[in-house]
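**Student:** pasting the structure only:
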């Protein structure tokens, strides 16, 4: 009897440490407070080194926490309160329904939210409600996590990644030195779908879409200049044959334009399709409203973003692409799993047996 108990104890301890090293199947979860909402991911991990994990669940709650940043540089008090309550609900669901171990739950704030001057208020609320620390990921780290978490490793050296979030746009690429050691080069600028929309809203005198589009058009030259400066700071980004894009704006474009969610983790698209989508969103929005009555994925996009958000997002995609030489010869991909890339990277970095290369 004693021997059996010792064996069971030994196996339990062995499994525990194996989980920590990502070699025994285990559950991990992440809650991200992003500019447009709170995203929650639950992963069942077998061997992250081989990319062997299953997305058990993913859900998002719309909380436009970053809209105040474009107004006065701060997160609004009511938005902080709503975000905290949403985080708590997801945290309790993770623990009680999915039984994820406490040490395997991570809560982060995106770089877009991190631009606010009063992030400590949000940190305090999350800590009080969940007992967990809230870490903020800066744009450079977020870009690095995106590349590590949502691009196939075989494409690292040949690809640039860009994520158009609610608060900002970030990404980067890697280059090699000394026998394939990777070095990461970040890219970012401080406009995303929500912050650009709110910036334009401050300039309009009415709620009409025509006024919004006119003011957006007047903003595009300065936006293009920001993007040109971003690329000029890291010109090697323009030489990569592959461009992987993620974020809410790209998800909305791909889903609405194709009338369905992406079936693959990486789905090809073209600049011409984005140009067509931009025209459709501005001039034939009723088409998508009708489609949403029969299509749940289209409905989900329209419940997440207003027409003005979609117009702003489409134009962010366009200006990011237009400044890339020979863009029609590049391979463009929508990276469907971009929303969990940071969590995958978190798990990778906590695996003691996986060597970090950059």
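**Tutor:** Perfect, I can see it now. This one's a predicted model, so the numbers in the text were calculated from it and none came from an experiment.
**Student:** switch to C-alpha atoms for all contacts and neighbour counts from now on
**Tutor:** OK.
**Student:** helix or strand right after the worst-scoring helix or strand of the chain on mean pLDDT?
**Tutor:** The helix or strand of the chain with the poorest confidence is helix 2-20; it has a mean of 40 (mean pLDDT, DSSP states H and E). Next along the chain after helix 2-20, taking DSSP states H and E as the criterion, comes strand 26-33.
**Student:** Sheet partners, orientation included, of that following strand?
**Tutor:** Here strand 26-33 is paired, per DSSP bridges, with strand 37-47 (antiparallel), strand 105-109 (parallel).
**Student:** what mean pLDDT does the longest one have?
**Tutor:** Predicted confidence along strand 37-47 averages 84 (mean pLDDT).
**Student:** Stretch 326-335 too?
**Tutor:** Stretch 326-335 shows a mean pLDDT of 95.
**Student:** Okay, buried residues for that stretch please.
**Tutor:** Neighbour-count burial for stretch 326-335, with 16 or more other Cα atoms under 10 Å as criterion, is recorded at 327, 330, 332-335.
**Student:** Just the endpoints, please. Distance across it?
**Tutor:** For stretch 326-335, the separation between the terminal residues is 21 Å (Cα to Cα, to the nearest Å).
**Student:** Low-confidence stretches in this structure?
**Tutor:** 1-25, 47-52, 70, 177-181, 348-358 (pLDDT under 70).
**Student:** That one: helices as residue ranges?
**Tutor:** 2-20, 69-72, 77-96, 111-114, 119-130, 139-150, 193-201, 209-233, 248-258, 271-283, 285-291, 296-304, 307-322, 341-349 (DSSP state H).
**Student:** Show me which parts of the third one are buried, residue by residue.
**Tutor:** I take that to be helix 77-96. Buried positions in helix 77-96, judged by neighbour count with 16+ other Cα under 10 Å: 79-88, 90-91, 94.
**Student:** For the closest residue to residue 223 other than its chain neighbours, give me its contacts.
**Tutor:** Nearest residue to residue 223 in three dimensions, chain neighbours excluded: residue 319, at 7.7 Å (Cα to Cα, 6 or more residues apart in numbering). Residue 319 sits next to 223-224, 227 when contact means Cα atoms under 8 Å, 6 or more residues apart in numbering.
**Student:** What count of nearby residues applies to residue 279?
**Tutor:** The number of residues packed around residue 279, counting by other Cα atoms under 10 Å, is 14.
**Student:** ditto for residue 136
**Tutor:** For residue 136, the neighbour count with other Cα under 10 Å is 21.
**Student:** Mind listing the residues bridging to it?
**Tutor:** With DSSP bridges as the rule, residue 136 is bridged to residue 109.
**Student:** Tell me if I'm right that it and residue 115 touch.
**Tutor:** No - Residue 136 lies out of contact with residue 115 (Cα atoms under 8 Å); the separation is 9.7 Å.
**Student:** if we can go back for a sec, ok, so of the buried residues of stretch 326-335, who is nearest residue 208?
**Tutor:** Checking the buried residues of stretch 326-335 against residue 208 with Cα to Cα, the nearest one is residue 334 at 30.9 Å.
**Student:** Just list whatever residues bridge to the closest one.
**Tutor:** Beta bridges link residue 334 to residue 245, residue 267 when assigned by DSSP bridges.
**Student:** who's in contact with it?
**Tutor:** 244-246, 250-251, 254, 265-269.
**Student:** Also residue 299?
**Tutor:** 289, 291-293.
**Student:** I'd like a version of the buried residues of helix 77-96 in a markdown table, one that adds distance to residue 239 as further columns.
**Tutor:** Putting the buried residues of helix 77-96 into a markdown table (distance: Cα to Cα, whole Å) gives the following:
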| residue | distance to residue 239 |
| --- | --- |
| 79 | 41 |
| 80 | 41 |
| 81 | 44 |
| 82 | 43 |
| 83 | 40 |
| 84 | 42 |
| 85 | 44 |
| 86 | 42 |
| 87 | 40 |
| 88 | 44 |
| 90 | 41 |
| 91 | 42 |
| 94 | 42 |
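**Student:** Pick out the most distant pair among the residues you listed.
**Tutor:** Farthest-apart pair in those is 79 and 94; separation 22.4 Å (Cα to Cα).
**Student:** Enumerate the beta-bridge partners assigned to residue 45.
**Tutor:** With DSSP bridges as the criterion, residue 45 is bridged to residue 26, residue 53.
**Student:** I'd say it and residue 54 touch.
**Tutor:** Yes - Residue 45 lies in contact with residue 54 (Cα under 8 Å); the separation is 6.5 Å.
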